[in-house]
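Student: Structure, please.
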Amino acid sequence: MVFGCGMASEAGLAGGGRRTWLRYRRLALLLGAVLVASAVSARAADASYRAYVANNGSGTVTPINVATNTAGTPIAFGEGPYGVAITPNGKTAYVTNASSGTVTPIAVATNTAGTPIPVGSLPLSVAITPSGETAYVSNFGSGTVTPITVATNTAGAPIPVGESPVGVAVTPNGETAYVVNDTVSGTVTPINVATNTAGTPIPVGTLPLGIAITPNGETAYVTNYESGTVTPIAVATNTAGTSIPVGRYPNGIAITPNGETAYVANEGSETVTPITVATNSAGTPITVGFQPFGVAITPNGEAAYVTNAGSGTVTPITVATNTAGTPIPVGSGPFGVAITSVNTVNVTCAGNSGTVTLSPGLTDTAVFQRVQIKGTLTDCTGDPFTKAKYTANLTTASKAACSVLKGPGERAFGVVKYTWSPKAESTTGTFSMPLTETAGIALSSALESGPHSPLTLSGTATESYTNAAACGLPQGKRGIIKPVTKGTFSGSAVNFE
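Tutor: Below is the predicted model:
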């Protein structure tokens, strides 16, 4: 069963009736809380932005290249994808599956979906702590919030929060998660992140849905669907302020990284209302598509992206001018949207040379070899670096003897650390290079953590080992067999992409 605009039956929601069904099909998502500054890579030149859109009706997630506003190949999914949040390191997108009661992680580097994580009934929204350690998932049908440990993708004990939880947001200091309870009485429940215990609900408007928190952590803004307003909550005291009138049926909301403007999707008005945070005043509505739902803002604060559930499109808005651009076709019933930075480095280094040290060294007896490679990449063209040094500590996949030097070689695999010129923090990852003197063997590396990651490196190299010709043979008057332990290498152009 697929849930979405016009896609769910009234009988499909337990305890629902028509009112619950209508509320469900209009539920919006808070996504601004996950668009934290840490999602931006170390240098602006390293990154473009990618938006992930949950197409509830199509059962897919569509990646959008924000630089070109073009949709990529949809990622096949489970039933009812709804909310999206991305880890602060930009590596994983978590998508709620409303129909199956699960959350699916997507590897951003490859756009592949992982194993779904069971949570509660009708999971809708998801938000991730600034530390990237925990994802909080609202279970609309269960009246709970499920914490997921990101490192292991395991769900913890559900936290009771009250009826019909929808939007979730976490404060920038990571201390409190706020959960919107979509009821006529309308409340927001704070959760103490350290203890995963719910506090006293905060009254807001009627049928609240979305929530976003300012980057300074001072104010949470809650959309009230039935009231047509947005309620500011003072985080320090958990008290609600004067509601701000916006459009008809407001749902999704996101706040710019500089904290100056909140953007509210008004489903019934087919508009987005900008709110000036300093004065809590609503600006001129911006016309978008049919049934706007979710809102997300690029980490550089230049554009807002709005899902149009009834149009099957996403509308980009230029923040500087509050003008809507050309809608981007995605799937059916797009609901949630989140944006992360994605590395677009494309560098070629003409020089690649260094040393190889083996332990215990090659003899005519095959043993596992520990391989240390110290290399230097030079004459790098492209941005953002011109030179790099790296140290890789590898181990052969199988036992190796002298014979590997004359054949295709024995693969060695392990970890690597890169340092950069111009200077930046170091980057770590994996590295692979066969142990052989055969010319032009392939080497590869995956940069996984730190500046310029994620990236892949590919190239070829030729190794030359000291005393390789005498490897395994008796040497000198005593006929001692000396292990081959040292070598050098040089290579062709190495490509990062």
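Student: After the longest strand that the chain contains, which helix or strand is next?
Tutor: What stands out as the longest strand in the chain, according to DSSP state E, is strand 347-362. Next along the chain after strand 347-362, taking DSSP states H and E as the criterion, comes strand 370-381.
Student: Pairing partners for that following strand, with directions?
Tutor: Here strand 370-381 has these sheet partners by DSSP bridges: strand 347-362 (antiparallel), strand 387-396 (antiparallel).
Student: quick revisit: name the residues of the longest strand of the chain that are buried.
Tutor: 347, 349, 351-352, 354, 356, 358, 361-362 (16 or more other CB atoms under 10 Å). In this view, the C-beta of every residue, glycine as well, is placed from N, C-alpha and C.
Student: again, but for stretch 112-132
Tutor: Buried residues in stretch 112-132 (16+ other CB under 10 Å): 113, 116-117, 119-120, 122-130, 132.
Student: what's the burial count for V306?
Tutor: 27 (other CB atoms under 10 Å).
Student: which residues does I211 form a beta bridge with?
Tutor: V222.
Student: How about the secondary structure of L405?
Tutor: Classification of L405 by DSSP: H, G, I helix; E, B strand; the rest coil places it in helix.
Student: Could you pull up the residues touching it?
Tutor: Going by CB atoms under 8 Å, 6 or more residues apart in numbering, L405 touches 362, 435-437, 465, 468, 471, 484.
Student: List buried residues within those.
Tutor: 362, 435-437, 465, 471, 484.
Student: Next, format those residues as JSON lines and append secondary structure and distance to I75.
Tutor: JSON lines is the format used below for the buried ones among the contacts of L405 (DSSP: H, G, I helix; E, B strand; the rest coil; distance: CB to CB, whole Å):
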{"residue": "L362", "secondary structure": "strand", "distance to I75": "46"}
{"residue": "L435", "secondary structure": "strand", "distance to I75": "38"}
{"residue": "T436", "secondary structure": "coil", "distance to I75": "39"}
{"residue": "E437", "secondary structure": "coil", "distance to I75": "44"}
{"residue": "Y465", "secondary structure": "strand", "distance to I75": "46"}
{"residue": "C471", "secondary structure": "coil", "distance to I75": "50"}
{"residue": "V484", "secondary structure": "strand", "distance to I75": "48"}
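Student: what packs against the helix or strand where L447 lies?
Tutor: Take DSSP H and E as the rule and L447 turns out to sit in strand 441-449. On a contact count with 3 or more CB pairs under 8 Å, 6 or more residues apart in numbering; DSSP states H and E, strand 441-449 meets strand 427-435, strand 455-465.
Student: Which one of those strands lies nearest to I106?
Tutor: strand 455-465 (18.5 Å; CB to CB).
Student: in the closest one, what counts as buried?
Tutor: 455, 457, 459, 461, 463, 465.
Student: nearest to P160, of those residues?
Tutor: Closest to P160, out of all of these and judged by CB to CB, is L455, at 43.7 Å.
Student: What residues are bridge-paired with the closest one?
Tutor: L447.
Student: I'd like to know how far it sits from A93.
Tutor: 19 Å (CB to CB, to the nearest Å).
Student: Helix or strand next in line after the helix or strand hosting V168, which one?
Tutor: Taking DSSP H and E as the definition, V168 sits inside strand 165-170. As assigned by DSSP H and E, the chain's next helix or strand after strand 165-170 is strand 176-181.
Student: Give the partner strands of that next one in its sheet and their orientations.
Tutor: strand 165-170 (antiparallel), strand 187-192 (antiparallel).
Student: most tightly surrounded among the ones you listed?
Tutor: strand 165-170 (a mean of 30; mean count of other CB atoms under 10 Å).
Student: Could I get the average pLDDT for the strand holding L447?
Tutor: Over the span of strand 441-449, the pLDDT mean works out to 87.
Student: Tell me the gap between that strand and the middle of its chain.
Tutor: Centroid displacement of strand 441-449 relative to its chain, using CA atoms, centre = their mean, to the nearest Å, is 22 Å.
Student: I would like the residues contacting that strand, please.
Tutor: Contacts of strand 441-449 (CB under 8 Å, 6+ apart): 89, 390, 392, 408-409, 416, 418, 427-434, 453-463, 491, 494, 496.
Student: for the record, mean pLDDT for the strand holding V168?
Tutor: 97.
Student: next one: stretch 311-318
Tutor: Computed over stretch 311-318, the average pLDDT equals 97.
Student: again, but for stretch 242-252
Tutor: Stretch 242-252 comes out at a mean pLDDT of 97.
Student: V108 versus N352, what's the distance?
Tutor: Taken as CB to CB, the span from N352 to V108 is 28 Å.
Student: I meant to write P208 there.
Tutor: 31 Å.
Student: More neighbours: which of these two?
Tutor: In this view P208 and V108 are compared by other CB under 10 Å, and P208 has more residues nearby, 31 against 22.
Student: doesn't V179 make contact with the more buried one?
Tutor: No. Contact criterion CB atoms under 8 Å: P208 and V179 do not qualify, at 10.3 Å.
Student: Please read off the pLDDT at the closest residue to I191 other than its chain neighbours from the model.
Tutor: Excluding the flanking residues, the one nearest I191 by CB to CB, 6 or more residues apart in numbering is A177, at 4.2 Å. The model reports A177 with a pLDDT of 98.
Student: And for A177, the neighbour number?
Tutor: 28.
Student: tell me the contacts of it?
Tutor: 127, 129, 136, 145, 168-171, 190-191, 193.
Student: now do A51
Tutor: 63-64, 66, 296, 305, 314, 337-339 are the contacts of A51 under CB under 8 Å, 6+ apart.
Student: Can I get the residues you listed in a markdown table including distance to T396 and neighbour count?
Tutor: Below are the contacts of A51 laid out as a markdown table (distance: CB to CB, whole Å; neighbours: other CB atoms under 10 Å):
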| residue | distance to T396 | neighbour count |
| --- | --- | --- |
| P63 | 38 | 21 |
| I64 | 43 | 22 |
| V66 | 43 | 22 |
| A296 | 46 | 32 |
| Y305 | 48 | 27 |
| V314 | 49 | 27 |
| V337 | 46 | 29 |
| A338 | 42 | 30 |
| I339 | 42 | 28 |
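Student: between these, which is closest to A401?
Tutor: Using CB to CB, the contacts of A51 come closest to A401 at P63, 47.4 Å.
Student: what pLDDT does the closest residue to the closest one other than its chain neighbours get?
Tutor: Leaving aside its sequence neighbours, P63 sits nearest to G72 (CB to CB, 6+ apart; 4.2 Å). We have a pLDDT of 91 for G72.
Student: Tell me, how many residues neighbour G72?
Tutor: 13.
Student: low pLDDT regions in the protein?
Tutor: 1-48, 78, 341-346, 383 (pLDDT under 70).
Student: Domain ranges for it, per the record?
Tutor: Listed by automatic domain parsing, the domain ranges of the chain are 10-343, 347-496.
Student: Now do the host helix or strand of T231 and strand 187-192, the angle between them.
Tutor: Per DSSP H and E: T231 is located in strand 229-234. Here the directions of strand 229-234 and strand 187-192 differ by 30 degrees (axes from the mean of the first three to the mean of the last three CA atoms, to 10 degrees).
Student: Name the next helix or strand downstream of strand 229-234, please.
Tutor: In N-to-C order, the element after strand 229-234 by DSSP H and E is strand 239-240.
Student: who does the helix or strand that that next one is followed by pair up with?
Tutor: For strand 239-240, the succeeding helix or strand toward the C-terminus, using DSSP H and E, is strand 244-245. In the sheet, strand 244-245 lines up against strand 229-234 (antiparallel) (DSSP bridges).
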